[in-house]
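Enquirer: Next come a sequence and a model predicted from it.
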Amino acid sequence: MDNKCNAKELKEQLLMKSKKGIATLTAEEIAKADKFCEGYKTFLDKSPVEREAVSYSLELAKAKGFVEFQQDKAYKAGDKIYYVNRDKAIALAVIGKNGVKKGARLAIAHIDSPRVDLKPNPLYEESSLALFKTHYYGGIKKYQWTVIPLALHGTVVKLDGTKVNICIGVDENDPCFCITDLLPHLAQEQAQKKMGKIIEGENLNVLVGSRPVQTDDEEGELVKLNVMKLLNEKYGIVEGDFLSAELCFVPAYKTRDVGFDRSLIGGYGHDDKVCAYPALMAALDTEVPENTCITYLCDKEETGSDGNTGMQSDFLRYFIYDLAKADGIEGYRALSQSRCLSADVNAAFDPTYASAYEPKNSSYINQGVIITKYTGHGGKGDTSDASAEYMGEIRSMLEKNNVMWQTGELGRVDLGGGGTIAKYVANMNVEVVDLGVPVLSMHAPFELVSKVDVYEAYRAFYAFYN
Ligand code: MN
Ligand code: MN
């Protein structure tokens, strides 16, 4: 008997086809992606910090007919509501035909990004320069944040309770700020140090002024005084007001197209606005879904999701409980039947640093959204590992809707690792898996993503909701 097979045919039947990614897209589809990304670039420029992301998202949602959520109100299919958590996180829901009786469809992204926060008592003068002490926020390579133009964003609450929003450095006529670095001529000692020590946390001091206030008085710290005088003239604040403030420095430059072909977008904060925006737009474009859809844009992911605006807070849980109550069911029953896409980025394979990745299980630029079954580190620690059943469900949803997708891990096993909000969602007894956009130079002040990948993320969330 002849046991020989037709290997070509058998391959066709049994093996995964190599993904062709962007090569499978038509010119029209690529043009659609480019157009979608113009909206995304505006979102990114308007949303460097979470409060700004919330207010811009709210502006877009209101324009699409979303109204503020009211507790104990009964909603009907097609109603569009928003629910803001302390100005730093926002839920946008489109009520479905089933309400939340069969669970909700959740897409959750975070709108905080790594940056440099001011310390509570930041302003000081040394050698006739005025500087701010800072405490970095999230995982950064500290040296990357020196010698780039920085903008100051945030909110100050004065002693009388009035709130002042501060934003300096975004307008091209604004001044910007900068963290200095040592010149190479004198850096022989610095060059011997390990990466984390080249620039230490306490050296992330931001230069904010150098001219003394004009006076005939023999007083000290006149440069510091001048900075405070200018801040007082513009914002009416005094030094003590820094104690009740959330102020941070982020890169001052605008989002740009990257590459001769303009295929990429370079900017600050793609992690995770590059998932937040598509998830937001999917909610805004959904009319009457089967099950209630909720896009939740949360805060504090980069520092562990703690706090009342982070994913470990009960805000979203309570919101779903409220919707369930209106539908006449227990909140836990709504949660237990809910399904979630944890919308977060993953590291795109970078050929320059190939050894950090495992090429067979990495995500690639221009290959579409990446599904990450689990994140965590060494031995699958600290992560939710999506079930085979849920992976199967999402995979077939993406295939059915012709979404370009890929799968992968964060990088080489035992090299490092990272996490997302997926595990906190899973802890609420919700099915969840990570789905997002691959990013080059993640957590750098200038990150890169591919336009077609951003658009595929939108298509994935839209398909998930509809
Ligand atoms: Mn992220
Ligand atoms: Mn991150």
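Expert: Good, I have the coordinates. Ligands and ions are numbered 1, 2, ... in the order given.
Enquirer: Count the neighbours of residue 149 for me.
Expert: Neighbour count of residue 149, defined by other C-beta atoms under 10 Å: 14. To be clear about C-beta, it is placed using only N, CA and C from the backbone, and glycine gets the same treatment.
Enquirer: Enumerate every residue touching it.
Expert: 169, 176, 177, 178, 251, 252, 253 (C-beta atoms under 8 Å, 6 or more residues apart in numbering).
Enquirer: switch to 6 Å and redo it
Expert: 176, 252 (C-beta atoms under 6 Å, 6 or more residues apart in numbering).
Enquirer: I'd like to know how far it sits from ligand 1.
Expert: Distance, residue 149 to ligand 1, using C-beta to the ion, to the nearest Å: 24 Å.
Enquirer: swap in residue 364?
Expert: Distance, residue 364 to ligand 1, by C-beta to the ion: 18 Å.
Enquirer: Counting neighbours, what do you get for the spatially closest residue to that residue that is not a sequence neighbour?
Expert: Nearest residue to residue 364, sequence neighbours excluded (C-beta to C-beta, 6 or more residues apart in numbering): residue 349, at 5.1 Å. For residue 349, the count of nearby residues is 20 (other C-beta under 10 Å).
Enquirer: Please apply the same query to residue 70.
Expert: By other C-beta under 10 Å, 12 other residues sit near residue 70.
Enquirer: Residue 319 should be in a helix, yeah?
Expert: Yes - counting by DSSP: H, G, I helix; E, B strand; the rest coil, residue 319 is part of a helix.
Enquirer: Would you tell me which strand is longest in the protein?
Expert: strand 115-126 (DSSP state E).
Enquirer: Now do the buried residues in that strand.
Expert: 115, 116, 117, 118, 122, 123, 125 (16 or more other C-beta atoms under 10 Å).
Enquirer: My read is that the first one contacts residue 250, right?
Expert: In other words, residue 115. Yes - under the contact definition of C-beta atoms under 6 Å, residue 115 touches residue 250, with a separation of 4.9 Å.
Enquirer: Which member of the buried residues of strand 115-126 is positioned nearest ligand 1?
Expert: residue 115 (13.3 Å; C-beta to the ion).
Enquirer: Could you pull up the contacting residues of the closest one?
Expert: 137, 248, 250.
Enquirer: So which residues on the chain come close to ligand 1?
Expert: 271, 272, 344 (C-beta under 5 Å from the ion).
Enquirer: mind checking the SS state of the second one?
Expert: Applying three-state DSSP to residue 272 yields a three-state assignment of helix.
Enquirer: Please report how far it lies from residue 5.
Expert: 47 Å (C-beta to C-beta, to the nearest Å).
Enquirer: same deal with the first one?
Expert: Between residue 271 and residue 5 the computed distance is 47 Å (C-beta to C-beta).
Enquirer: For the closest residue to ligand 1 within the stretch 301-450 of the chain, which non-adjacent residue is spatially closest?
Expert: Proximity of the stretch 301-450 of the chain to ligand 1 (C-beta to the ion) peaks at residue 344, 4.3 Å away. In space, and not counting its chain neighbours, residue 344 is closest to residue 420: 4.3 Å by C-beta to C-beta, 6+ apart.
Enquirer: contacting residues for the one you found?
Expert: Residue 420 neighbours (C-beta under 6 Å, 6+ apart): 342, 344, 375, 434.
Enquirer: Was I right to think the third one contacts residue 419?
Expert: Yes - Residue 375 sits in contact with residue 419 when judged by C-beta under 6 Å, with a separation of 5.1 Å.
Enquirer: any weak-confidence spans in the stretch 301-450 of the chain?
Expert: Residues of the stretch 301-450 of the chain meeting the criterion pLDDT under 70: none.
Enquirer: For it, just list every one of the strands.
Expert: Ranges of strands in the stretch 301-450 of the chain, per DSSP state E, counting those that start in this stretch, are 339-342, 346-347, 369-372, 376-377, 405-407, 417-418, 431-436, 438-439, 447-450.
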